[in-house]
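Visitor: here is a sequence together with a model predicted from it:
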Amino acid sequence: MSSEDERAWRFEARFTAATDLREPRLLSLGGTLHLYMARLGTERLSFDPRGMWRSERRADGTWTDPVMFHREGFIPWRARVERGTPYLMAYVGGEHIYRFDGLPLEVEFLTTRDGRTWSPVDAARPVVYRGGGSESDFTLGDDGTLYAVIRNEAGDATGFGSKVCRAPAGDLANWTCRSDPRKYDSPWMFWHDGEAYLVGRRNVTDTGNYDLRMTGIEMAGQAGINQYRYAINRKRCSLWRYVQTEDRIAWILDLPSQGDTCFAAGFPSSTTGEWVVYNYSSPVDGDDPYWNRAQAGPTRIYRHVLRFARR
């Protein structure tokens, strides 16, 4: 769908492959609008990556048939232009998350000239993280420092949850990360007024942790128990701040959201300094179901406006 005023919407295109299509991402580059998506399998309980697909909008308003790009098995996560350079975060090995086989995933940091062919930001360091991480996003600070968050659902030697990462301005593919026991599903990051912000899912428990920090249990057992306990708790879609002096994530507030929620994206208002955020959620005026029950119910798309007070 598209809109000129965010009130009246018109149909653009529909895509189907008789399989699971997900993670739609839009990138405007050089006058062309690109759509990226992941193709998976047909089994609801099996995460089966089959590669990344790409379509683009023609001058006459029609869209090209999707074609596969990059390499087989990858999942696109976030596409954006930062300071004139296009980037794509993508990961491979997602099938290992739910097989509990302990095999690592890899996160790649990619760039392009035309939106069609992608290559590593740094050919000498194509993989910025290897371990249990998958969904990843970043933003650049005023001095060019990179701040990032990786969902670490499959876990590694440091535990489960997330990785909170940074890289120096002159070496953006050189990520150093700290572990966080919370899991910020579907991370989206942006920079505003000297701060790095994150919108991601919040686990509504006393600690908010995904990692239950069990001992005496092998990794596969920990992974299964973490996922089960996570599924039977309530969720919110929340705004967080990257605390730059400590490389940690701090909660700020919850967007109106509950149940099955949080796959946000947004953009800054060119006139007001606000940020417009679109997100999905179970109906916010209904009951507050646990996440696993909410996934079987309806969801809606909501528009939010974030207004930041001047410091």
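Guide: Sure, I can see it. Residues are numbered from 1 along each chain as shown.
Visitor: which SS class is Arg78?
Guide: Secondary structure, DSSP: H, G, I helix; E, B strand; the rest coil: Arg78 is strand.
Visitor: tell me the contacts of it?
Guide: 25, 87-89, 136-138, 188 (Cβ atoms under 8 Å, 6 or more residues apart in numbering). For glycine as for every other residue, the C-beta is placed from the backbone atoms N, C-alpha and C.
Visitor: one more time with 6 Å
Guide: Taking Cβ atoms under 6 Å, 6 or more residues apart in numbering, we find Arg78 in contact with 89, 137.
Visitor: show me what it bridges to in the sheet.
Guide: When assigned by DSSP bridges, Arg78 has beta-bridge partners Met89.
Visitor: likewise for Arg25?
Guide: So, taking DSSP bridges as the rule, Arg25 has Tyr36 as bridge partners.
Visitor: what's the nearest residue to Ile252 if we skip its chain neighbours?
Guide: Spatial nearest neighbour of Ile252, excluding adjacent residues (Cβ to Cβ, 6 or more residues apart in numbering): Leu239 at 4.6 Å.
Visitor: do I have it right that the one you found meets Ala250?
Guide: No. Proximity of Leu239 to Ala250 does not meet the contact threshold set by Cβ atoms under 6 Å, at 10.1 Å.
Visitor: who has more neighbours, the two?
Guide: Leu239 (19 against 10; other Cβ atoms under 10 Å).
Visitor: part of a helix, is the more buried one?
Guide: No. Using three-state DSSP, the secondary structure at Leu239 is strand, not a helix.
Visitor: just the pLDDT for it.
Guide: pLDDT recorded at Leu239 is 98.
Visitor: please apply the same query to the one 3 residues further on.
Guide: At Tyr242 the predicted local distance difference test score is 98.
Visitor: quick one: secondary structure of it?
Guide: Per three-state DSSP, Tyr242 ends up strand.
Visitor: and the closest residue to it other than its chain neighbours, what are its phi and psi?
Guide: Nearest residue to Tyr242, sequence neighbours excluded (Cβ to Cβ, 6+ apart): Ala196, at 3.8 Å. Note on Ala196: its backbone torsions stand at phi -100, psi 130 [degrees, to the nearest 10].
Visitor: can you name the residues bridging to Ala196?
Guide: Beta-bridge pairing for Ala196 (DSSP bridges): Trp191, Tyr242.
Visitor: doesn't Leu140 make contact with it?
Guide: No. Using Cβ under 6 Å, Ala196 makes no contact with Leu140, being 8.7 Å away.
Visitor: check which residues of the longest helix seen in the chain are buried.
Guide: If you go by DSSP state H, the chain has its longest helix at helix 219-231. Using 16 or more other Cβ atoms under 10 Å as the test for burial, helix 219-231 gives 219, 222-223, 226-227, 230.
Visitor: can you put those residues in TSV and add distance to Gly266 and pLDDT?
Guide: Putting those into TSV (distance: Cβ to Cβ, whole Å; pLDDT from 0 to 100) gives the following:
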residue	distance to Gly266	pLDDT
Met219	36	92
Gln222	34	95
Ala223	32	94
Asn226	29	96
Gln227	28	95
Tyr230	25	97
